[in-house]
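[1] fold the stuff below for me.
(chains A, B, C and D)
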Number of protein chains: 4
Amino acid sequence: MTTIKVIEKPKLKNAILIEGLPGVGNIGRVAAGYMVEELKAKKFAELYSEWFFPFVMLHKKYKIHLLKNEFYYVKGRKKGQRDIVLLVGDCQSLTPQGHYEVSEKILDFVEDLGVTEIITIGGLATGDLESKKKVIGAVTDDRMLNKYKKYNIDFDAGDKVGYIVGAVGLLLGLWKQRDKDGICLLGQTAGFPIVTDPKAAETVLEVLTRIVNIKLDMKKLDKKVKEMENFIRKVEALQKRALMEITKTGSGDKGQKTDETRYIG
Amino acid sequence: MTTIKVIEKPKLKNAILIEGLPGVGNIGRVAAGYMVEELKAKKFAELYSEWFFPFVMLHKKYKIHLLKNEFYYVKGRKKGQRDIVLLVGDCQSLTPQGHYEVSEKILDFVEDLGVTEIITIGGLATGDLESKKKVIGAVTDDRMLNKYKKYNIDFDAGDKVGYIVGAVGLLLGLWKQRDKDGICLLGQTAGFPIVTDPKAAETVLEVLTRIVNIKLDMKKLDKKVKEMENFIRKVEALQKRALMEITKTGSGDKGQKTDETRYIG
Amino acid sequence: MTTIKVIEKPKLKNAILIEGLPGVGNIGRVAAGYMVEELKAKKFAELYSEWFFPFVMLHKKYKIHLLKNEFYYVKGRKKGQRDIVLLVGDCQSLTPQGHYEVSEKILDFVEDLGVTEIITIGGLATGDLESKKKVIGAVTDDRMLNKYKKYNIDFDAGDKVGYIVGAVGLLLGLWKQRDKDGICLLGQTAGFPIVTDPKAAETVLEVLTRIVNIKLDMKKLDKKVKEMENFIRKVEALQKRALMEITKTGSGDKGQKTDETRYIG
Amino acid sequence: MTTIKVIEKPKLKNAILIEGLPGVGNIGRVAAGYMVEELKAKKFAELYSEWFFPFVMLHKKYKIHLLKNEFYYVKGRKKGQRDIVLLVGDCQSLTPQGHYEVSEKILDFVEDLGVTEIITIGGLATGDLESKKKVIGAVTDDRMLNKYKKYNIDFDAGDKVGYIVGAVGLLLGLWKQRDKDGICLLGQTAGFPIVTDPKAAETVLEVLTRIVNIKLDMKKLDKKVKEMENFIRKVEALQKRALMEITKTGSGDKGQKTDETRYIG
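    Numbering: from 1, shown residues only, chains lettered A, B, ... in the order given. Got it, this is the predicted structure:
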């Protein structure tokens, strides 16, 4: 089961969803997370799922933290600004089936809230540390290409880019099946695993803020990334370890001790 | 969940379903796909499923393409021609359970549409590049053997052929449990992986067109195969890579870079 | 989904279910299958499941055979004979979850039919070709121990025997949760994989026929085993291969060619 | 499906659940199991699940034992004592999804019974045989920190402890999503696999009995642990073997013989 616990049901009109869950370079996670903080967006719902890892993390040394995704909103404050829903979180699903089920659950929820368009944010791993920062785009429809071609997005990436895995791709693919519009923005990054790339996130944020017509002070980005990174890295490292333990023992609560960390269960 | 999005509900009578999803030599995919094009069959439904790979592909460089199966139809145009439903698509299920669930969903849908008989198309890998092109058949029932023995199909293959995996076999096995009739046509092919075999597809098409009493100009087959193959190979290569990444990391959106391709997520 | 297709609903009273699905030494499969033939038991239902392997077999060279389990019955013919339901089949489930779901489905079905007691038949692998043929027993309850201790069953095997996997064990464990009675009879066998052991099956049949008060001519057993074995071995070999292919490629319909056999899909 | 068979529905008020399922050092299993025995707690429900291993164990050499979790209760006997529900059992789930489903089922059940607070018990593997026995705590909320800080629990362990796997963590994480309170108590143990650590269990019991205001005679603990350990070790060893067999063969009922043990099916 995937459950959404609604804390508050905001009244939104013609809203846009911006998704930033963990992924390549954590570009979406960083970009959307920074928007949440800088825009003082308000949390209104939490999603948790049987498709996530079956463990809890410890927050502030002693507090139980269930793995979850979170929905925030910020209302348009002036003309030309739309209501925004931001989706951030600790993790994505553990299995293919879970990716589909969680994505459909998210779309049901935001469609009902009044979201009419989706922007997903991800990373494109180039394997090249020297490569230029660019934002690659993919859309549900030619209408969207026309709408977004003025934003300096590279829409010519289909040969370099084979496929888009997980929420970044599936949310758009399943949204398109509902005859709705969306775009994904992919920041180029070297893509070495477990590296958060704030520079790529900033490049995406520059495009994104112009699209949603919001000014964002980027000065605190590096500092915020360092704060976030600690938690993101921890989740990643734990997922990797837990995954190996699950693979080895089938239940994950009898893992071998490793040198660096201790685990409990 | 497996969902069928119905675009148009055609009125069919005593129709025959021809299935051609990707498989050994992509013989079914090529044969059914060529029929769709040459007969200008009309798309009327799309099936997508949580049992498919959790990624989207990029179509025409910038357009999101959710993995799906597609239903087309063509009405019988003259006496002796039956209404035909064609089932083609990007992929089959990722898991055993998925194969059963998607097959049952397809059968529920086409039975309700008025389909009374099923022809599935697959490949038989001989491992021998020199082997003669033959069409091997298997049926749900002795009735079908009598009906189809005049079409130069080899029905004596049970020793060479152990079992039939996936949609080609399951659609017939589950259809038989509904007390309904069907046949599968298997083109012999060398069967080296990721090789589309248009010659084997042509041999099957020769039998198939006589069964459904339709003339098909084979001249464009080679050209069409080359067009299709590009997309088919891409899906196959991506599935393989995605699969390895899923196996390694459990979620597939943190895959390692490989030399040939770049991925995103 | 696990589906039971009912061909005929027999009227049974205080019936006993004898389960003999494939397993160690195929002892249950052989013993129950021989009873079906010798008692001319009548097939009245077929069970098939998404938890089975996603392929069909070819029967008599050209006929599609969906993997299934089959229910037969034979009415008690004289005083002291009970109505008997026999459960035989091609395979068991592919996953742990499937074992539970199929077992519960079977129990729901037979409880509704009027079955009040269950006998499951399996094998105990000793790893020792010289070991004496013995029948080991395990029961749901002390009541059953008293009832069956006169039949020369070894009820002292708990130390040698750790656990009972699959239908042989689960059917009894889940039946006991319904406050119902049952026994399992395990024939000792060397247990080298893919060896059908007719001698062990005969030893179990000797105990079993006394329990159900039926005389069985054992002369044809060897001949029948040879007939059955061909099909059983084929399913086993195919499952092994299919399993390796599924593990390698995720869908099983693109398997590598091996030297001994050809596959299709 | 996860099923709870209710033997008796006790009337409880403001009850506390103490969970002690198998895990690191089997500390929870031993501590809660000892409380069940010493307090003569009464069994009132059994939980079994398709997410457990698909085998039954043999109890007292000949009796079928389905893997299960068990609920016991003991009413508060004097002022300052609360009604207690104890959850003990043979195993946890085999898969991530199962961990979530079984945990939710448990919480639905105990919330409906009148449980208002949860204590889960686990182990923290230090990898160090010399390490001091300490009890590490984690809570759902700051309220709980204030309530429990007087009990000599180390609440400063968030850096050493990354995450808590399985029931110990998930029951609390999912309980917190219901806006309810709980704490977990983790005994430090060397954590070498398949070692039951009665000393660590005793340290946790000392804290736990003060929390629930109950005196417990610890003299019989060592003896009881030895009795329990036999069964616990057997389940563990069998799960490991079964798991390897499932991984190898896909169904677990055709496992290879190993030198130490024999298996049946």
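
[2] low-confidence regions, the stretch 101-250 of chain A specifically.
    The stretch 101-250 of chain A contains residues with pLDDT under 70 at A:130, A:158-160, A:192-194, A:241-250.

[3] for it, just list every one of the helices.
    Chain-ordered helices for the stretch 101-250 of chain A, with DSSP state H, counting those that start in this stretch as the definition, fall at A:142-148, A:167-177, A:198-212, A:221-249.

[4] tilt between the biggest strand by length in chain A and helix A:198-212?
    For chain A, the longest strand by residue count, based on DSSP state E, is strand A:115-125. If you take axes from the mean of the first three to the mean of the last three CA atoms, to 10 degrees, strand A:115-125 sits at 160 degrees to helix A:198-212.

[5] and strand A:115-125, how far out from the chain's middle?
    The chain centre lies 8 Å from the centre of strand A:115-125; the measure is CA atoms, centre = their mean, to the nearest Å.

[6] keeping just the C-alphas, turn that strand into PDB.
    C-alpha atoms of strand A:115-125 as PDB (Å, rounded to 0.1, in the frame of the first residue of the first chain):
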ATOM      1  CA  VAL A 115      -2.400  20.500 -10.800                       C
ATOM      2  CA  THR A 116      -2.500  20.900 -14.600                       C
ATOM      3  CA  GLU A 117       1.100  20.700 -15.500                       C
ATOM      4  CA  ILE A 118       4.200  18.800 -14.300                       C
ATOM      5  CA  ILE A 119       7.900  19.600 -14.300                       C
ATOM      6  CA  THR A 120      10.200  16.800 -13.200                       C
ATOM      7  CA  ILE A 121      13.900  17.400 -12.500                       C
ATOM      8  CA  GLY A 122      16.700  14.900 -12.900                       C
ATOM      9  CA  GLY A 123      20.300  14.400 -13.900                       C
ATOM     10  CA  LEU A 124      22.000  13.200 -17.100                       C
ATOM     11  CA  ALA A 125      25.200  11.500 -16.300                       C
END
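
[7] who are the packing partners of that strand?
    With contacts defined as 3 or more CB pairs under 8 Å, 6 or more residues apart in numbering or on different chains; DSSP states H and E, strand A:115-125 has these neighbours: strand A:15-20, helix A:27-38, helix A:167-177, strand A:181-189, helix A:198-212, strand B:262-264. Bear in mind the C-beta positions are built from the backbone N, C-alpha and C, glycine included.

[8] columns distance to chain C and mean neighbour count on top of these, output as JSON lines?
    As requested, the helices and strands packed on strand A:115-125 are exported to JSON lines (distance: least, CB to the nearest CB, whole Å; neighbours: other CB atoms under 10 Å in any protein chain shown):
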{"stretch": "strand A:15-20", "distance to chain C": "27", "mean neighbour count": "25"}
{"stretch": "helix A:27-38", "distance to chain C": "27", "mean neighbour count": "25"}
{"stretch": "helix A:167-177", "distance to chain C": "18", "mean neighbour count": "26"}
{"stretch": "strand A:181-189", "distance to chain C": "25", "mean neighbour count": "26"}
{"stretch": "helix A:198-212", "distance to chain C": "31", "mean neighbour count": "21"}
{"stretch": "strand B:262-264", "distance to chain C": "17", "mean neighbour count": "26"}
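
[9] any chance of the ones you listed in TSV, plus distance to D:T116?
    Shown next, in TSV, are those (distance: least, CB to CB, whole Å):
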stretch	distance to D:T116
strand A:15-20	37
helix A:27-38	34
helix A:167-177	36
strand A:181-189	44
helix A:198-212	44
strand B:262-264	48
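
[10] next, the distance between the ends of stretch A:186-206.
    Taking CA to CA, to the nearest Å, stretch A:186-206 runs 12 Å from one end to the other.

[11] are that stretch and chain D in contact anywhere?
    No - with CB under 8 Å from any CB of the partner chain as the criterion, chain D is not reached by stretch A:186-206; the gap is at least 14.9 Å.

[12] so who does A:G137 touch?
    By CB atoms under 8 Å, 6 or more residues apart in numbering or on different chains, the contact set of A:G137 is A:Y148, A:I153, A:D154, A:F155, A:A157, A:I183, A:C184, A:L185, A:L186, B:Y62.

[13] what's the local residue count around the first one?
    Burial measure for A:Y148: 19 neighbouring residues, criterion other CB atoms under 10 Å in any protein chain shown.

[14] residues in contact with it?
    A:G137, A:V139, A:I183, A:I211.

[15] what's the most distant pair in these?
    Maximum pairwise distance among the contacts of A:Y148 (CB to CB): 12.4 Å, between A:V139 and A:I211.

[16] ok, the residue lying closest to A:G122 once chain neighbours are set aside to B:A167 distance?
    Leaving out its chain neighbours, the residue that sits closest to A:G122 by CB to CB, 6 or more residues apart in numbering or on different chains is A:V168, at 3.7 Å. Applying CB to CB, to the nearest Å, the value for A:V168 to B:A167 is 29 Å.

[17] cool, A:G80 as well?
    Distance from A:G80 to B:A167, by CB to CB: 50 Å.

[18] just A:E206 next, same as before
    As judged by CB to CB, A:E206 and B:A167 stand 46 Å apart.

[19] try A:L172
    27 Å.

[20] what sits against A:Y100?
    Taking CB under 8 Å, 6+ apart, one finds A:L170, A:L174, B:M1, B:S49, B:E50, B:F52, B:P54 in contact with A:Y100.

[21] buried among those residues? Need that as a selection in PyMOL.
    With 16 or more other CB atoms under 10 Å in any protein chain shown as the criterion, this PyMOL line picks the buried residues out of the contacts of A:Y100:
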select buried, (chain A and resi 170+174) or (chain B and resi 49+50+52+54)
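
[22] take the contacts of A:Y100 and keep only those in helices.
    A:L170, A:L174 (DSSP state H).

[23] with adjacent residues omitted, what lies nearest to whatever residue of the stretch 51-200 of chain A ends up closest to chain C?
    In the stretch 51-200 of chain A, the residue that lies nearest chain C is A:P96 (9.2 Å; CB to the nearest CB). Residue nearest to A:P96 in three dimensions, not counting chain neighbours: B:P54, with 4.4 Å by CB to CB, 6+ apart.
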